[in-house]
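A.B. asks: Sequence and predicted structure, then a few things I'm wondering about:
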Amino acid sequence: MSECSHDCSNCSKDCAEKKDLKAKLNEFSKVKKVIGIVSGKGGVGKSLVTSLLAITANKLGYKTAILDADITGPSIPKMFGITEKAYTEDGKNIYPAKSINGIKVMSVNLLLENDSDPVIWRGPVIAGVVKQFWTDVIWEDVDYMFVDMPPGTGDVPLTVFQSLPVDGIIVVTSPQQLVSMIVGKAAKMAKLMNIKIDGIVENMAYFKCPDCNKIVNIFGESKLEEIAKEYGIENYLRIPFDTEIASLSDQGKIEDTKVDLTEIFNKL
Ligand code: ADP
């Protein structure tokens with residue numbers, strides 16, 4: 001291709017060079033569908049939504065896995081109370097950890113000696129680790145793999161997108177963010193990567209008073225429906241701020257939650 005700049009990050013063509021960027025799946029694995037969970041910034045509940053989607057899929061009887069690609073802010077093992085480390089027999093192939101209900105999990109925290117050790121790596125190294133999670137981990141048969149993506153639309157999430165065969169993405173926002181802008185950025189990135197947006201989740205959207213059941217829109221009226229329509233996305237959901245979610249996450253018991261994302265999952 002004469003016009004090729006070899007900068008695949010800005011190219012929408014699906015050529016051979018671009019395909020080479022994709023990591024090879026481990027020979028003992030078969031992963032049917034890969035869903036990336038993205039957000040405009042950290043702290044909006046991306047890991048929570050990743051966990052809830054996996055819990056929902058698992059409850060519905062699908063073989064489910066979570067690849068924690070949020071390398072500098074890994075919170076999946078903590079939410080599931082996983083303290084064991086990843087296991088290897090030959091020093092090459094790695095076995096993922098399993099949650100109480102059998103969700104397979106791989107995260108950089110399963111490789112670190114101490115959970116609190118910071119990961120101070122540059123973008124290419126981070127992307128390399130995510131590729132290894134795809135190539136060196138024996139996932140075996142997986143129906144749905146949910147990938148907790150690094151936040152934002154910068155270099156790192158972009159490289160991770162190019163490394164993994166993501167089928168679709170779920171955008172997580174919180175109402176105090178400039179939701180339209182965040183969804184717009186995600187939509188543009190998805191288009192660039194030839195990936196479709198499978199849904200939007202507005203997290204911490206409102207609060208239901210436990211005494212009188214009154215619903216309080218803490219950050220004002222939601223614009224979620226309007227924005228979803230603007231981008232032609234039919235699959236969207238609001239999750240309330242819920243003190244039980246916060247405490248179950250902190251205790252590593254997120255699988256005990258009553259919050260169910262079947263409504264979103266069924267339209268994936
Ligand atoms: P991110 O992955 O976007 O950085 P997390 O999923 O780690 O965000 O969530 C950040 C914090 O907010 C966590 O402590 C989580 O338990 C809490 N949290 C997320 N969503 C909710 C919610 N709907 N209700 C209560 N707490 C929440």
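C.D. replies: That came through, no problem.

A.B. asks: List the buried residues in stretch 75-95.
C.D. replies: Of the residues in stretch 75-95, those with enough neighbours to count as buried (16 or more other C-beta atoms under 10 Å) are 75-80, 82, 86, 93-95. All C-beta spots, glycine's among them, are computed from the backbone N, C-alpha and C.

A.B. asks: Which ones, among those, also lie beside the ligand?
C.D. replies: Counting by C-beta under 6 Å from any ligand atom, Ser75 from those sit close to the ligand.

A.B. asks: In helices only, show me the buried residues of stretch 75-95.
C.D. replies: Residues of the buried residues of stretch 75-95 located in helices (DSSP state H): 76-79.

A.B. asks: okay, now Ser116: neighbour count?
C.D. replies: By other C-beta atoms under 10 Å, 7 other residues sit near Ser116.

A.B. asks: Tell me how far Lys188 lies from Ile82.
C.D. replies: Spatial separation of Lys188 from Ile82 under the definition C-beta to C-beta, to the nearest Å is 35 Å.

A.B. asks: ignore the last one, Ile94
C.D. replies: In this structure, Ile94 lies at 14 Å from Ile82, with C-beta to C-beta as the measure.

A.B. asks: tell me which of the ones in helices among the buried residues of stretch 75-95 is nearest to Ile233?
C.D. replies: Ile76 (25.1 Å; C-beta to C-beta).

A.B. asks: Show me which residues of the stretch 101-250 of the chain sit near the ligand.
C.D. replies: That would be 203-204, 239, 241-242, 245-246, 249, which are the residues of the stretch 101-250 of the chain within reach of the ligand (C-beta under 6 Å from any ligand atom).

A.B. asks: re earlier: let me know the closest of the buried residues of stretch 75-95 to the ligand.
C.D. replies: Proximity of the buried residues of stretch 75-95 to the ligand, judged by C-beta to the nearest ligand atom, is greatest for Ser75, which lies at 4.4 Å.

A.B. asks: That closest one touches Ser47, doesn't it?
C.D. replies: Yes: Ser75 is in contact with Ser47 according to C-beta atoms under 8 Å; the separation is 4.5 Å.

A.B. asks: between these two, what contacts are shared?
C.D. replies: Contact with both Ser75 and Ser47 is made by residues Asp68, according to C-beta atoms under 8 Å, 6 or more residues apart in numbering.

A.B. asks: looking at the chain, which helix or strand is least sure?
C.D. replies: helix 16-20 (a mean of 58; mean pLDDT, DSSP states H and E).

A.B. asks: And the contacts of the helix or strand following that helix?
C.D. replies: Moving toward the C-terminus from helix 16-20, the next helix or strand (DSSP states H and E) is strand 30-39. The set of residues external to strand 30-39 that reach it, using C-beta under 8 Å, 6+ apart, is 25, 45-46, 49-50, 53, 65, 139-149, 151-152, 157, 161, 164-173, 182, 186, 189, 195, 198, 268.

A.B. asks: ok, which stretches of the chain are helices?
C.D. replies: With helices called from DSSP H, the chain shows them at 16-20, 46-59, 76-79, 123-135, 155-163, 179-192, 224-230, 243-251, 262-265.

A.B. asks: weakest of those in terms of mean pLDDT?
C.D. replies: The stretch with the lowest average pLDDT out of the helices of the chain is helix 16-20, scoring a mean of 58.

A.B. asks: Quote the end-to-end distance of stretch 235-247.
C.D. replies: 28 Å (C-alpha to C-alpha, to the nearest Å).

A.B. asks: Would you mark the buried spots in it?
C.D. replies: Neighbour-count burial for stretch 235-247 flags 235-242, 245 (criterion: 16+ other C-beta under 10 Å).

A.B. asks: next one: stretch 219-228 to chain centre, how far?
C.D. replies: 22 Å (C-alpha atoms, centre = their mean, to the nearest Å).

A.B. asks: Would you mark the buried spots in that stretch?
C.D. replies: If you call a residue buried by 16+ other C-beta under 10 Å, then stretch 219-228 has these buried ones: 219, 222, 224, 227-228.

A.B. asks: Check those residues against the ligand and report the nearest one.
C.D. replies: For these, the minimum distance to the ligand (C-beta to the nearest ligand atom) is 12.8 Å, reached by Phe219.
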